[in-house]
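> How does the following fold in three dimensions:
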Amino acid sequence: MTIDEVSTFPTGMPALTADRRLLRNDVFEVLLTRILNGGFVPGERLKDAELTSWLRVSRTPVREALSRLVTLGLVKTAPNRFTCVAPLVSAEIAGAVMVLRRLYPDAIAEALRLRTDGDELELRLVAGRLERDEGVSPIETFQRVLLIALASIDNQVLAEAIETVHLRVLRYLYLTPGAQHILCRERVLDFARAVASGDDAAVRTVETVLDDVAAVIGDVTPAASPGAAAAAAAAVAPVGAVVRGVTPMAAAG
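Coordinates of the predicted model:
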């Protein structure tokens, strides 16, 4: 399933595949998209019964999707009490930015080396769609380009570690009016074309994006304040868990 397919769902009920192997991924993609774009607002309660009725699926794929979203820091839960969309906390975003400053450059550099003709074609199609259609979200396109790039690298531990952190930053860019200019149409087009052509400018672009996010949230450096330092540690913890091959929830259990 792609973001394009999610965006075509009717308001009332998304048409999910009946294939058991894909169902949990479909549910995850639908919930992720609504959380990223504000369809489910920060702090909103997520109730199993309402989600299963809306999606017309059993509770198992919904709970599996929610568990994955908890691991990604996009959903908060207290067993037998509540499950809700995680709030946007600037200090946590600062921590995520710190982590991504260490991870993004290596991942993008590797993607530039390993990109295939198929990757290049897909990236140019994505860029062309953004250029032609004013209704296409630059932030969504940036996310798509990152997905293509990360899928192409050999170091999938690095790719998974980035996924564990960067969706928090993307949600911040989606939902914060003062930050939406960071991924403007022109910058995202340049990024997509640079990745497609193997241009090192793509690495500089992701570094500049992270610098701009830090500036918008007050140029918070995780070491500069206790709250930011704690947020940085929280952001790093899931990355370590992914590197060890254990999710935080599995470790807790």
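
> Next SSE downstream of the helix or strand hosting Glu163?
For Glu163, the host element (DSSP states H and E) is helix 156-175. Following helix 156-175 in sequence order, the next helix or strand is helix 185-197 (DSSP H and E).

> quick one: terminal-to-terminal distance for stretch 31-45?
Taking C-alpha to C-alpha, to the nearest Å, stretch 31-45 runs 13 Å from one end to the other.

> So what pairs up with Val85 in the strands?
Counting by DSSP bridges, Val85 is bridged to Val75.

> so it makes contact with Glu44?
Yes - at 4.8 Å, Val85 and Glu44 qualify as touching, with contact defined as C-beta atoms under 8 Å. Bear in mind the C-beta positions are built from the backbone N, C-alpha and C, glycine included.

> Between the two, which is the more surrounded one?
Using other C-beta atoms under 10 Å, the more surrounded residue of Val85 and Glu44 is Val85, with 22 against 13.

> The more buried one and Thr60, how far apart?
Val85 is 21 Å from Thr60, where distance means C-beta to C-beta, to the nearest Å.

> what's the helix holding Glu163 packed up against?
helix 20-36, helix 90-114, helix 138-152, helix 201-216, helix 226-244 (3 or more C-beta pairs under 8 Å, 6 or more residues apart in numbering; DSSP states H and E).

> I'd like to know which of those helices lies nearest to Ile182.
Nearest to Ile182, of all the helices and strands packed on helix 156-175, is helix 201-216, at 4.6 Å by C-beta to C-beta.

> Show me what the closest one is packed against.
Counting contacts by 3+ C-beta pairs under 8 Å, 6+ apart, helix 201-216 is packed against helix 90-114, helix 156-175, helix 185-197.

> So for whichever helix or strand comes after the longest one, mean pLDDT?
This means helix 90-114. Downstream of helix 90-114, the first helix or strand assigned by DSSP H and E is helix 117-132. When pLDDT is averaged along helix 117-132, the result is 97.

> Give me the contact list for helix 117-132.
115, 136, 138, 141, 144-145, 148-149, 152, 185, 188-189, 192-193, 195-197 (C-beta atoms under 8 Å, 6 or more residues apart in numbering).

> what about the stretch 151-253 of the chain, any weak spots by pLDDT?
Scanning the stretch 151-253 of the chain with the threshold set as pLDDT under 70 gives 219-253.

> I should have written the stretch 1-150 of the chain there, sorry.
Checking the stretch 1-150 of the chain against pLDDT under 70 turns up 1-21.

> Could you give the number of residues near Asp212?
Neighbour count of Asp212, defined by other C-beta under 10 Å: 16.

> Could you count how many residues lie near Ser58?
11.

> That one contacts Ala49, correct?
No - at 11.6 Å, Ser58 does not count as touching Ala49 under the criterion of C-beta under 8 Å.

> returning to what we had before: would you mark the buried spots in the helix holding Glu163?
Neighbour counts using 16 or more other C-beta atoms under 10 Å place 158-159, 161-175 of helix 156-175 among the buried residues.

> May I have that helix exported as CSV, CA atoms only?
Only the C-alpha atoms of helix 156-175 are listed here, as CSV (Å, rounded to 0.1, in the frame of the first residue of the first chain):
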residue,chain,number,x,y,z
GLN,A,156,18.8,-2.4,6.8
VAL,A,157,19.6,-2.1,10.5
LEU,A,158,20.4,1.5,9.7
ALA,A,159,17.2,1.9,7.7
GLU,A,160,15.1,0.5,10.5
ALA,A,161,16.8,2.7,13.1
ILE,A,162,16.0,5.8,11.0
GLU,A,163,12.4,4.6,10.7
THR,A,164,12.2,4.3,14.5
VAL,A,165,13.0,8.0,14.8
HIS,A,166,12.3,10.1,11.7
LEU,A,167,8.6,9.7,11.6
ARG,A,168,8.4,11.9,14.7
VAL,A,169,10.2,14.7,12.9
LEU,A,170,8.0,14.3,9.8
ARG,A,171,4.8,14.5,11.9
TYR,A,172,6.2,17.7,13.4
LEU,A,173,6.7,19.1,9.9
TYR,A,174,3.2,18.1,8.9
LEU,A,175,1.4,19.6,11.9
